[in-house]
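S.K.: coordinates only, sequence not included:
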């Protein structure tokens, strides 16, 4: 009988340090990352190299990187179980991206819908990095031989490109990269804007009442939920034409674990005002320990410096092994 422990699937998860994380980020993705640590061999990165396709103020950018890293620990990711690192601290990301550029066709990148969307948003700064972003993302994934990558709808095309590049390189030389698949775990909540519930919650929303930041004060959280847009029916159930209430029910369900039927029973005969307060209170209590942990971690500069280094060293061990194989196969003379 083979007693060898079953190899856990490897998963790479990255998030950009582009300001504060929202309740949508947490319930839609980050909460699941914590659970993934138990079942998978995880690598977590703050994708700071990707962030400079948009102009950054240096001081603010440093603060955002530190804040994002602190928040990953605050939500429950354990650096003792899985490497948590800054992408820019592992040079292999940039090195592999250059090699993969030479195995990616210009036409493939031209077809990326996200490039077209972002070019319109930032028409004054359509830089080569924005065009080439998907190749760096492919390098991020392929460096760690990731079996799975948790991605949103907007990243599906980029993952498909990473798969194509991996297959192309493997075909040109010999099997080198694991061909990654999208991570299909427990589906996180798709949290919508509190003001425009037909749109996804986003920190770039011009209406600050539309999103909940993970660092919002209890008063701000409650105020935003009380102002959440709903319909005029004043009856709590999940259904067509009730985007605002559907969104609040999704949030409440994701936090309490209650089904829609249980929520309907709990608030039978009650109005939207009572329900909004209950959702606000549930969110406040969920975020309270996260905010406390965040403040503690963010304030400990020495601890953070130690964690940056620890994460980078662990990530480099795996990343450099892949890079070495790639460089050798391409024909480079290796220094070691």
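M.R.: Ah, there it is. What you see is a predicted model; the values in this text were computed from it and never measured.

S.K.: And for residue 203, the neighbour number?
M.R.: Residue 203 has 17 neighbours, counted by other C-beta atoms under 10 Å. The way it works is simple: take the backbone N, C-alpha and C, and place the C-beta from them, glycine included.

S.K.: Likewise for residue 16?
M.R.: 18.

S.K.: Pull up the gap between it and residue 50, please.
M.R.: Distance from residue 16 to residue 50, counting by C-beta to C-beta, to the nearest Å: 6 Å.

S.K.: Model confidence for residue 62, exactly?
M.R.: Note on residue 62: pLDDT of 96.

S.K.: On the three-state scheme, it is what?
M.R.: Three-state call for residue 62 (DSSP: H, G, I helix; E, B strand; the rest coil): helix.

S.K.: what's near enough to touch it?
M.R.: Residue 62 makes no contacts at all, as judged by C-beta atoms under 8 Å, 6 or more residues apart in numbering.

S.K.: go on, residue 221?
M.R.: 212, 280, 283, 284, 287.

S.K.: ok, now residue 129?
M.R.: 52, 53.

S.K.: show me where pLDDT drops low in this structure?
M.R.: 1-5, 115-117, 119-123, 153-154, 184-188 (pLDDT under 70).

S.K.: how about the strands in it?
M.R.: Taking DSSP state E as the test, the strands found in the chain are 10-15, 41-46, 84-86, 148-149, 181-182.

S.K.: Using CSV, please lay out the ones you listed together with mean neighbour count.
M.R.: Converted to CSV, the strands of the chain look like this (neighbours: other C-beta atoms under 10 Å):
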stretch, mean neighbour count
strand 10-15, 22
strand 41-46, 25
strand 84-86, 23
strand 148-149, 22
strand 181-182, 14
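
S.K.: Relative to residue 274, which of those strands is closest?
M.R.: Closest of the strands of the chain to residue 274 is strand 10-15, at 34.7 Å (criterion: C-beta to C-beta).

S.K.: just checking, what packs against the closest one?
M.R.: Where contact means 3 or more C-beta pairs under 8 Å, 6 or more residues apart in numbering; DSSP states H and E, strand 10-15 is packed against helix 31-39, strand 41-46, helix 128-143, strand 148-149.

S.K.: ok, now with 7 Å
M.R.: Identification of packing neighbours for strand 10-15 by 3 or more C-beta pairs under 7 Å, 6 or more residues apart in numbering; DSSP states H and E yields strand 41-46, helix 128-143, strand 148-149.

S.K.: how about these in TSV, adding distance to residue 250?
M.R.: What follows is the helices and strands packed on strand 10-15, written out as TSV (distance: least, C-beta to C-beta, whole Å):
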stretch	distance to residue 250
strand 41-46	25
helix 128-143	28
strand 148-149	24
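
S.K.: what's the closest of those to residue 100?
M.R.: Closest among these, once you apply C-beta to C-beta, is helix 128-143, at 5.2 Å.

S.K.: can you pull the buried residues of that closest one?
M.R.: Buried residues in helix 128-143, counted by 16 or more other C-beta atoms under 10 Å: 130-143.

S.K.: How about stretch 152-172?
M.R.: Quick answer for stretch 152-172 (16+ other C-beta under 10 Å): 155, 157, 158, 159, 161, 162, 163, 164, 165, 166, 169.

S.K.: which helices and strands sit right next to the biggest helix by length in the chain?
M.R.: If you go by DSSP state H, the chain has its longest helix at helix 301-330. Helix 301-330 makes packing contacts with helix 58-74, strand 84-86, helix 92-101, helix 128-143 when contacts are defined by 3+ C-beta pairs under 7 Å, 6+ apart.

S.K.: Of all those, which one is nearest residue 328?
M.R.: Short answer: helix 92-101, nearest of these by C-beta to C-beta, at 11.5 Å.

S.K.: what sits up against that closest one?
M.R.: 49, 87, 132, 135-136, 138-140, 142-143, 165, 316, 319-320, 323, 326, 330 (C-beta atoms under 7 Å, 6 or more residues apart in numbering).

S.K.: Distance from it to the middle of the chain?
M.R.: 22 Å (C-alpha atoms, centre = their mean, to the nearest Å).

S.K.: Give me the buried positions along it.
M.R.: Result for helix 92-101 [16+ other C-beta under 10 Å]: buried residues 92, 93, 95, 96, 97, 99, 100.
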